[in-house]
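>>> just need the structure, nothing else, for what follows:
(one chain, ligands or ions: 1)
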Amino acid sequence: MVTGWPDRRLIDLFGIEAPILLAPMAGAGGVELAVAAMAGGALGSLPCAMLTPEQVREQVAAVRGRSQAPLNLNFFCHKPAPAPAQSRWLAALEPYYREYGVGLPAEPPPLRAPFSDAMCAIVEETRPELVSFHFGLPDAPLLDRVRASAAKIIASATTVAEARWLDARGVDAVIAQGFEAGGHAGRFLPADPAAQMGLFALLPQIVDAVAVPVIAAGGIADARGVTAAFALGAAGVQIGTAYLHCPESLIGPGHRAALTSEDAERTVFTNLISGGFARGVPNRLIEELGPVSPDAPPFPHATAALAELRKAAEARGRTDFTPLWSGQTARLARPIGAREFTQRLISEALALLTQRASAPILAP
Ligand SMILES: Cc1cc2nc3c(=O)[nH]c(=O)nc-3n(C[C@H](O)[C@H](O)[C@H](O)COP(=O)(O)O)c2cc1C
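Model (predicted):
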């Protein structure tokens, strides 16, 4: 009879209680969500892509003051494209600018910045147990410094080729991010976004392709998803969307309402919001222009053109231009505290995994 997790590799590697990772979610997760998920037994993550080095330092100190459990710091590794001419995109937005009486921001908002020397120095100073990367890995000198800090390194793969690429560069585990996942797809090798695989297809193929443990991400929101991921060879799961419902997440009321609405059953990949492909509930802009436009500036530049529109609409209580990031399983989750959610997930998953293992096995 199974008395615990069928795969203990991540528990041993990361020193965690259970192989459940709170997904880092830039703009949506922070100290409160991390501390509550850690109290429930998950690995806590702090998303750092939209923070300054000083903010990262403060947030790590705040978490460390309340929890001794291992902590993951998450960074982006995109190679920012030069700021493009956006005349066609601005023309497409013109009717909305007129309606709301706004335009481009006087000061461009801070863009999501890739992992840098300054952030690496914060990793060396604060010594998180894990560092995770989205959109590939930093160049070798920075990666070597992170490794020398003793942090375990994990990163997202959306294809088998990306998983092999990460494995060859010595990551400690690969996150297999399926098509179902909320937020930005971590794709970093050239591939048509339309070719992205769902987790049921992607996960076992990555498990077969790499030597390191694989963490399943995308569409997992309850114990059934956790159990299925282990059956497909995962050594752990990373969960984002289900944690967005928790009162500790930083999302606004419009986003929270969208997650429980019927619209959450038809999330789409869109490039209108940041320029990168990301999954969310359609807002008015996406409904009216369609989810994908060749005129939207490349990641992360699209954010600037919508900044004032978003502010003006939100001041009227509307989500017309607000990113409503969500994976495909938002409707499976409930608004309960992150600690309770994690505890329930762990005990229900263990019950299911145990039941499965002790069920009669069919003769070959
Ligand atoms: C609101 C939101 C923000 C996200 N931001 C990040 C991020 O900053 N870094 C990252 O590595 N992944 C990010 N992700 C992706 C998650 O790490 C993870 O792959 C995904 O949430 C898993 O799928 P699920 O949402 O279906 O649980 C984000 C996801 C969401 C929903």
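>>> what count of nearby residues applies to whichever residue of the chain sits closest to the ligand?
Of the chain, the residue with the smallest distance to the ligand, taken as CB to the nearest ligand atom, is G240 at 2.0 Å. Glycine gets a C-beta too; all of them are placed from N, C-alpha and C. Counted with other CB atoms under 10 Å, residues neighbouring G240 total 28.
>>> now do the contacts for it.
Residues counted as contacts of G240 (CB atoms under 8 Å, 6 or more residues apart in numbering) are A23, M25, A181, G182, G183, A217, G327.
>>> excluding chain neighbours, what is closest to the fourth one?
Take G182 and drop its neighbours on the chain: the residue closest to it by CB to CB, 6 or more residues apart in numbering is G327, 3.4 Å away.
>>> in the chain, what secondary structure element scores lowest on mean pLDDT?
The helix or strand of the chain with the poorest confidence is helix 338-358; it has a mean of 91 (mean pLDDT, DSSP states H and E).
>>> quick one: which helix or strand includes L33?
In this assignment (DSSP states H and E), L33 forms part of helix 31-40.
>>> now the angle from that helix to helix 338-358?
For helix 31-40 against helix 338-358, the angle between stretch directions is 40 degrees (axes from the mean of the first three to the mean of the last three CA atoms, to 10 degrees).
>>> what's in contact with the least confident helix or strand of the chain?
Helix 338-358 is contacted by residues 1-6, 18, 20, 22, 33, 36-37, 39-42, 222-224, 226-227, 230-231, 239, 242-243, 246, 248-249, 333-334, 336 when judged by CB under 8 Å, 6+ apart.
>>> show me what contacts the closest residue to P70 other than its chain neighbours?
The shortest distance from P70 to any non-neighbouring residue, by CB to CB, 6+ apart, is to E129 (3.7 Å). Neighbouring residues of E129 by CB under 8 Å, 6+ apart: F14, G15, P70, L71, N72, A151, K152.
>>> near the fifth one, how many other residues are there?
Applying other CB under 10 Å, we find 25 residues neighbouring N72.
>>> the second one too?
Burial measure for G15: 13 neighbouring residues, criterion other CB under 10 Å.
>>> going forward, begin numbering at 713 instead of 1
Got it, the first residue is 713 from now on, which makes the last one we talked about G727.
>>> now it. Its backbone dihedrals?
The phi and psi torsions at G727 (degrees, to the nearest 10) take the values phi 70, psi 40.
>>> which residue is the nearest non-sequential neighbour of it?
Leaving aside its sequence neighbours, G727 sits nearest to P782 (CB to CB, 6+ apart; 5.3 Å).
>>> gap between the one you found and F726?
Per CB to CB, to the nearest Å, P782 is found 6 Å from F726.
>>> what's the answer for A990, then?
Note on A990: its distance to F726, by CB to CB, is 27 Å.
>>> so which residues on the stretch 963-1076 of the chain come close to the ligand?
Residues of the stretch 963-1076 of the chain lying close to the ligand (CB under 6 Å from any ligand atom) are W1037, G1039, T1041.
>>> swap the cut-off to 8 Å and go again
Of all the residues in the stretch 963-1076 of the chain, those in contact range of the ligand (CB under 8 Å from any ligand atom) are I963, A990, R991, G992, P1035, W1037, S1038, G1039, Q1040, T1041.
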